[in-house]
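> Here you go, sequence then predicted model.
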Amino acid sequence: MSEAKQTLNSIKGIEKQKEDMIQRLVRTDAHFKHQQRGEPDLTFEEKSNIALDVFKKSPALFLERFSKFLTLEDTEYFSELKGDYRIDFYVQEIVNRCKDTNKSVIKNRRYRALQELMDEGEYFSEEEMKWRDPLLFEQMIGQYASEAEKTEQMEQDIDRSDLKFSTILLKHMDTQVNKQFFEQLKEKEEEQEEEEEEEDSDEEGDVMEEDGRDKEAQGSEEKDTDLTTSERSYLRTEFLRIMQERFLSGEDSGFDYSKVDSNADYDSLDILGHDAEEKYFDDDNEQLCEGDELTDSREDTRWDRLLRRRIETMGLKTDEEIAREMIDEMGDKPLNKDDMSYPPCETITEYKDCS
């Protein structure tokens, strides 16, 4: 009796899966039936009946017609039909599509979270990033700081509103712990380098080690002066970029990515950003219509500004960006129309008018 009950429950579960799948399907833009002009739109019930009829005739045909509108959850229903090469093919297509979509959603959500954290300022502050990767910070920034800058940084780290001896002592202890941790990382890195050098011939290894020590000693004496202000600024920018890329790649071990990856609130920001972008271009188009007598140079400036704004807003590499890069690189060289998918233009600079 229990086995019969189990079988009945299993059948009910399968039927529920099919019902849910059909209900999701009829709310999509899937094509169910050819209609004459003027015919009323199909109701949900009519769409459901059509989909069920197709399914009863052939699950494989059902997948062929509607697979691109099905979800990963729907593939569970077809697990009992494995072995049919057509069904296996379309089920795998659904799985691959959903995986790609999920990756894209997570990537966009993390990017939005990164923007929020940048605006807040704390997570991507130099001090916080230094604690997350002290070795990289020392290699790119810390080793080039002067003694005066190091002293100034220590003074800034101390909260002026709390100058108790215990607070200063704890801060000093934190600094020492961080310093010891960095030294351990540095020693480990040097040991790895020495092991790699030992793989070469002993003679060559000795020469390389000696040269390395000489350069290290020389570098330690000149490290405060061997970089210009612009070079140090560039290294700071690169350090920030590396830390941002780590965040986007999910490599910040202390960050709870589940609060971002599964948070649909970040998706709504895409809509808000798109609305803001549309309003921006609508306003700018109105200005263009009012100023038809602008000179070519001013039109070029406006086009550049619109392009930059679009790229900044979307955060993606667009056809316009690619075209702009070509403009910068090629000037007025003729286009090879056979190799390009852009509107037909005689020269690169005319692309602005063609688009």
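In hand now; what should we look at?

> Surely residue 112 and residue 265 touch.
No. Residue 112 lies out of contact with residue 265 (C-beta atoms under 8 Å); the separation is 9.0 Å. No exception for glycine: its C-beta is placed from N, CA and C like everyone else's.

> Neighbour count for those two, which is higher?
Relative neighbour count places residue 112 above the other of residue 112 and residue 265, with 20 against 9, counting by other C-beta atoms under 10 Å.

> Which secondary structure state does that one sit in?
Following DSSP: H, G, I helix; E, B strand; the rest coil, residue 112 is assigned to helix.

> Give me the nearest residue to it, chain neighbours excluded.
For residue 112, ignoring the flanking residues on the chain, the nearest one in space by C-beta to C-beta, 6 or more residues apart in numbering is residue 266 at 4.3 Å.

> What does the pLDDT read for the one you found?
The model reports residue 266 with a pLDDT of 84.

> Contact partners for it?
Applying C-beta atoms under 8 Å, 6 or more residues apart in numbering to residue 266 gives the contacts 108-109, 112-113, 260.

> That one sits in which helix or strand?
helix 265-290 (DSSP states H and E).

> now swap in residue 230 and tell me
Applying DSSP H and E, one finds residue 230 within helix 229-248.

> So for that helix, what gets flagged as buried?
For helix 229-248, a neighbour-count test (16 or more other C-beta atoms under 10 Å) marks 239-240, 243-244, 246-247 as buried.

> With stretch 78-90 instead?
Going by neighbour count (16+ other C-beta under 10 Å), the buried part of stretch 78-90 is 78, 87, 90.

> average pLDDT across it?
For stretch 78-90, the mean per-residue pLDDT is 88.

> first to last residue in that stretch, what's the distance?
Criterion C-alpha to C-alpha, to the nearest Å; first-to-last residue distance in stretch 78-90 is 10 Å.

> swap in stretch 30-41?
Counting by C-alpha to C-alpha, you get 13 Å between the two ends of stretch 30-41.

> now do stretch 127-145
The first and last residues of stretch 127-145 sit 14 Å apart, counting by C-alpha to C-alpha.

> Ok, stretch 73-93 next?
Per C-alpha to C-alpha, the first residue of stretch 73-93 is 13 Å away from its last.

> and the gap between the nearest residue to residue 129 once chain neighbours are set aside and residue 117?
Once flanking residues are discounted, residue 129 sits nearest to residue 243: 4.9 Å by C-beta to C-beta, 6+ apart. Applying C-beta to C-beta, to the nearest Å, the value for residue 243 to residue 117 is 11 Å.

> and if you look at residue 141?
Remark: distance between residue 141 and residue 117 (C-beta to C-beta) = 20 Å.

> what residues are shared contacts of residue 243 and residue 117?
Contacts common to residue 243 and residue 117, judged by C-beta under 8 Å, 6+ apart, are residue 124.

> Tell me who's in contact with residue 252.
Taking C-beta under 8 Å, 6+ apart, we find residue 252 in contact with 132, 246.

> Verify the assumption that it is located in a helix.
No. Residue 252: not assigned to a helix; according to three-state DSSP it is coil.

> next one: phi and psi at it?
Per-residue torsions, residue 252: phi -80, psi 100 (degrees, to the nearest 10).

> Residue 93: what's it in contact with?
By C-beta under 8 Å, 6+ apart, the contact list for residue 93 reads 67-68.

> again but with residue 140, I slipped
Going by C-beta under 8 Å, 6+ apart, the list of residues near residue 140 reads 235-236, 238-239.

> and what of residue 232?
141, 144.

> Keeping just the C-alphas, turn stretch 244-259 into PDB.
C-alpha atoms of stretch 244-259 as PDB (Å, rounded to 0.1, in the frame of the first residue of the first chain):
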ATOM      1  CA  GLN A 244      38.600  45.700  -8.200                       C
ATOM      2  CA  GLU A 245      39.200  42.900 -10.700                       C
ATOM      3  CA  ARG A 246      39.700  40.500  -7.700                       C
ATOM      4  CA  PHE A 247      36.300  41.600  -6.300                       C
ATOM      5  CA  LEU A 248      34.500  41.000  -9.600                       C
ATOM      6  CA  SER A 249      36.200  37.600  -9.900                       C
ATOM      7  CA  GLY A 250      35.000  36.500  -6.500                       C
ATOM      8  CA  GLU A 251      38.500  36.300  -5.000                       C
ATOM      9  CA  ASP A 252      37.800  38.500  -1.900                       C
ATOM     10  CA  SER A 253      37.600  35.700   0.700                       C
ATOM     11  CA  GLY A 254      36.300  38.000   3.400                       C
ATOM     12  CA  PHE A 255      33.400  39.300   1.300                       C
ATOM     13  CA  ASP A 256      30.000  37.600   1.500                       C
ATOM     14  CA  TYR A 257      29.200  37.300  -2.300                       C
ATOM     15  CA  SER A 258      25.900  35.500  -1.600                       C
ATOM     16  CA  LYS A 259      24.500  38.900  -0.500                       C
END
